[in-house]
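Student: Quick one: sequence plus predicted model below, questions after.
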Amino acid sequence: MAKPKGFIIDKGLSPIDGKPYVAILTIKSTNRKTGDMAQVFIMRDDINPVEAINMGEDYSICGNCPHRKDSNGKRSCYVNVGQGPNSVWKAYKRGSYKLLWTDSEVADVLKGRKIRWGAYGDPAIIDPKIVSYFNTLAIGHTGYTHQWREAWAQVFNGVFQASCDGFNDYMIASDHGWKCFVVVSKNATPNYAKQCPATVTNSKAQCITCSLCDGAKRDVYVNAHGSGAKYVVAA
């Protein structure tokens with residue numbers, strides 16, 4: 001019997017707006033930047049992620065993220081939702097993923113693995129007990145949240161990086177004790193954070209070999225990239 005390609009690790013109502021979400025962990029990844037990390041996708045349980053964006057219903061899983069699609073149709077998020085997230089959601093609806101329940105199953109899946117919390121969606125909406133438990137079994141993780149201003153997200157201070165957009169966000173989040181991951185404009189070179197090693201020209205670094213973005217080490221910045229980069233003007 002073939003091993004599952006992923007598992008349902010959490011389902012519930014979003015603390016953002018009370019609408020249903022599902023969190024799915026996929027085991028293998030061919031993502032060049034991250035390397036072969038286990039990837040967690042957070043999506044609306046009831047709406048295809050492409051449709052959710054077009055309807056504004058991605059608010060449930062992205063909250064106040066400024067990279068969401070705006071009223072003018074501009075969307076600066078680097079995630080191509082029509083690819084990975086859409087495929088995962090369709091597989092979920094086909095019944096391809098089972099609930100991950102037993103301790104032995106979780107330990108087996110995560111043995112020697114690192115987790116990328118939030119391949120799509122904001123991981124701060126996931127039950128913090130699940131995040132903590134999975135992180136104790138994995139050998140490392142990365143995670144980012146735009147919900148760092150919210151009271152209910154403070155439990156993830158020291159676990160996820162605060163996703164910041166420019167220097168003002170960085171200053172506010174830093175003052176509240178968060179380690180930051182700052183998105184800046186395409187050619188900016190801020191001196192208050194370290195450039196993401198995987199984005200340095202000719203670098204062979206990957207998230208799987210880097211340990212900076214675990215919410216506890218240091219501030220990191222990345223230049224806006226992807227199809228929405230032209231909409232990012234923060235220095």
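Tutor: Sure thing, it's come through. Residues are numbered from 1 along each chain as shown.

Student: Show me what counts as buried in stretch 7-26.
Tutor: Of the residues in stretch 7-26, those buried by neighbour count under the rule 16 or more other Cβ atoms under 10 Å are 7-10, 14-16, 19, 21-26. (Each C-beta comes from the backbone N, C-alpha and C, glycine too.)

Student: actually stretch 132-147, not the one I wrote
Tutor: 134-135, 138, 140-147.

Student: again with stretch 25-42
Tutor: Buried residues in stretch 25-42 (16+ other Cβ under 10 Å): 25-27, 29, 34-35, 37-42.

Student: Check the offset of that stretch from the chain's centre.
Tutor: 11 Å (Cα atoms, centre = their mean, to the nearest Å).

Student: cool, stretch 196-216 as well?
Tutor: In terms of Cα atoms, centre = their mean, the centre of stretch 196-216 is found 15 Å from the chain centre.

Student: Now do it: distance from first to last residue.
Tutor: Stretch 196-216 has an end-to-end distance of 15 Å (criterion: Cα to Cα, to the nearest Å).

Student: in that stretch, what's buried?
Tutor: Buried residues in stretch 196-216, counting neighbours by 16+ other Cβ under 10 Å, are found at 196, 198, 206-208, 210, 212-215.

Student: Can you tell me which of the residues you listed lies closest to Asn157?
Tutor: Gly215 (7.4 Å; Cβ to Cβ).

Student: could you measure the closest one against Thr136, distance?
Tutor: Going from Gly215 to Thr136 by Cβ to Cβ, to the nearest Å gives 14 Å.

Student: Asp219 too?
Tutor: Applying Cβ to Cβ to Asp219 and Thr136 gives a distance of 25 Å.

Student: who's in contact with Glu150?
Tutor: Neighbouring residues of Glu150 by Cβ atoms under 8 Å, 6 or more residues apart in numbering: 15, 63, 124.

Student: Lowest-confidence one in the residues you listed?
Tutor: Lowest pLDDT within the contacts of Glu150 is found at Gly63 (95).

Student: On the three-state scheme, the residue nearest to the spatial centre of the chain is what?
Tutor: Geometric centre of the chain, nearest residue: Gly118, 2.1 Å, by Cα atoms, centre = their mean. Secondary structure, DSSP: H, G, I helix; E, B strand; the rest coil: Gly118 is strand.

Student: Surely it is in contact with Ile42?
Tutor: Yes - counting by Cβ atoms under 8 Å, Gly118 touches Ile42, with 6.6 Å between them.

Student: what about the residue nearest to Phe156 when sequence neighbours are not counted, distance to Ala107?
Tutor: Once flanking residues are discounted, Phe156 sits nearest to Ala124: 5.2 Å by Cβ to Cβ, 6 or more residues apart in numbering. Distance from Ala124 to Ala107, counting by Cβ to Cβ: 24 Å.

Student: what about the two, which has more around it?
Tutor: Between Ala124 and Ala107, counted using other Cβ atoms under 10 Å, the more crowded position is Ala124 (28 against 12).

Student: Look up how far Cys62 lies from that one.
Tutor: Ala124 is 11 Å from Cys62, by Cβ to Cβ.

Student: Please enumerate the shared neighbours of those two.
Tutor: Contacts common to Ala124 and Cys62, judged by Cβ under 8 Å, 6+ apart, are absent.

Student: I'd say Lys179 and Gly215 touch.
Tutor: Yes - with contact defined as Cβ under 8 Å, Lys179 counts as touching Gly215 (5.7 Å).
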